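next one to model:
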Amino acid sequence: MIKDLVNIDLKEMPFKGLNVHVIKKYLVKASYEESFTTENLSILLIKSGNFRIKIQQTTHNLVPWDLLVIPKKSYCRLPEVNGKLQLFLISVSSEFAFENCLKKELMESFFFFIRNTPIKIVLEEKEFLVLALISKLIYFISKENEGLDYELQPIGFNLFLYQLKLIYSKYTLDAALNFSRKESLMIQFLTVLSIHCKKQHYVNFYAGVLFVTPGHLNKTVKQLTGKTVKDFITEALILEAKNLLEDTQFSISKIAEELEFGSIFSFSFFFKKHTTFSPTEYRSNSIERFKHR
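Sure thing, here's the model as predicted:
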């Protein structure tokens, strides 16, 4: 069951890139070892029961209030499930996480999404209850999508990210949250990007700020995420452009100027290349979506 849920196709979900399962009854006693490779990054929150799961070479014994982050492409074995297991399972794509983490105040939460090794944290009851409540909120929003404002979904996920940031801040000195130089550099890059992406479009700027070569920065980012530095700069610019286009008080020429493009033409070419829509088309579509809410 867990194997199927962890490997669900996130592109087919109501909110592409994010899926939440609230598992109330997992009454399985397995005497065999079930092996699988994870297709998505997933976060488990254990409410009751206990089970053991082996990820790569490490076996994790999970009990109530435990949080476990399982990286994408992890080889897992589920040796044993005992008792009435109840849990929350949150699966998210790196693209979805990045889009929602691209705010300076939430950047530290992205740490949980770039790790190549699993993270287990024993939460306090209050921490678990808050994350469980937010998980339920995201779950019900996704189930009732047709009748609810689409904007509730990213708000719910941002609340989840905020709680992860608080957990990161609290447990950062714990061995479970020690991170490598590469992971530290990645977080620093994303933090600088969230501040300067509107004005700075080139890899050399970010490498210079971080006192590394462009080649080293690009290699590190590529190893951790599968994307280049330029990919992240482009995605950040597109997100900023979409936000500005959805605010009709800004003209397209003003947006092009705000994002440091030399002309409306160069901005329009860039935006259409990466979205298939011209800025005018995107603005018109966003206005129509707003009217039908």
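
the strands in this protein, which residues?
Remark: strands assigned in the chain by DSSP state E are 18-26, 34-37, 41-55, 58-62, 66-70, 75-92, 119-122.

find the residue at the geometric middle of the protein.
In the chain, the centroid-proximal residue (Cα atoms, centre = their mean) is Ala97; its distance is 1.8 Å.

chain neighbours aside, what residue packs nearest to that residue?
Spatial nearest neighbour of Ala97, chain neighbours left out: Phe113 (4.3 Å); criterion: Cβ to Cβ, 6 or more residues apart in numbering. Heads up, the C-betas are built off the backbone N, CA and C, glycines and all.

outline the domain layout of the chain.
2-97+108-177, 181-291 (automatic domain parsing).

just send those domains back as TSV, with mean pLDDT too.
Shown next, in TSV, are the domains of the chain (pLDDT from 0 to 100):
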stretch	mean pLDDT
domain 2-97+108-177	81
domain 181-291	91
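
what about stretch 254-263, start to end distance?
10 Å (Cα to Cα, to the nearest Å).

that stretch: which residues count as buried?
The neighbour-count check on stretch 254-263 (16 or more other Cβ atoms under 10 Å) flags Ile255, Ala256, Leu259, Phe261 as buried.

so the third one sits right up against Ile238, yeah?
Just to be clear, that refers to Leu259. No: using Cβ atoms under 8 Å, Leu259 is not in contact with Ile238, being 10.0 Å away.

intersection of neighbour lists for those two?
The contact sets of Leu259 and Ile238 do not overlap (Cβ atoms under 8 Å, 6 or more residues apart in numbering).

rewinding a little: check contacts around the residue nearest to Ala97.
Leu41, Val92, Ser94, Ala97, Phe98, Cys101.

which of these has the most neighbours?
Cys101 (26 neighbours; other Cβ atoms under 10 Å).

what sits closest to it if chain neighbours are left out?
Phe110 (4.1 Å).

ok, that neighbour - contacts?
Here Phe110 is in contact with Ala97, Phe98, Cys101, Ile187, Leu190 (criterion: Cβ under 8 Å, 6+ apart).

so how many other residues sit close to the residue lying closest to Glu39 once chain neighbours are set aside?
Closest residue to Glu39 apart from its sequence neighbours, by Cβ to Cβ, 6+ apart: Asn7 at 4.3 Å. With neighbours defined by other Cβ under 10 Å, the count for Asn7 comes to 15.

repeat that for Leu133.
Neighbours around Leu133, by other Cβ under 10 Å: 11.

do the same with Leu129
Around Leu129 there are 13 residues (other Cβ under 10 Å).

would you map the helices across the chain?
Remark: helices assigned in the chain by DSSP state H are 2-6, 94-101, 111-114, 125-143, 152-171, 181-196, 203-209, 214-225, 229-245, 252-258, 264-275, 279-291.

pull out the buried positions in the longest one.
If you call a residue buried by 16+ other Cβ under 10 Å, then helix 152-171 has these buried ones: 152-154, 156-165, 167-168, 171.

just the first one next, same as before
Neighbour-count burial for helix 2-6, with 16+ other Cβ under 10 Å as criterion, is recorded at Ile2, Leu5, Val6.
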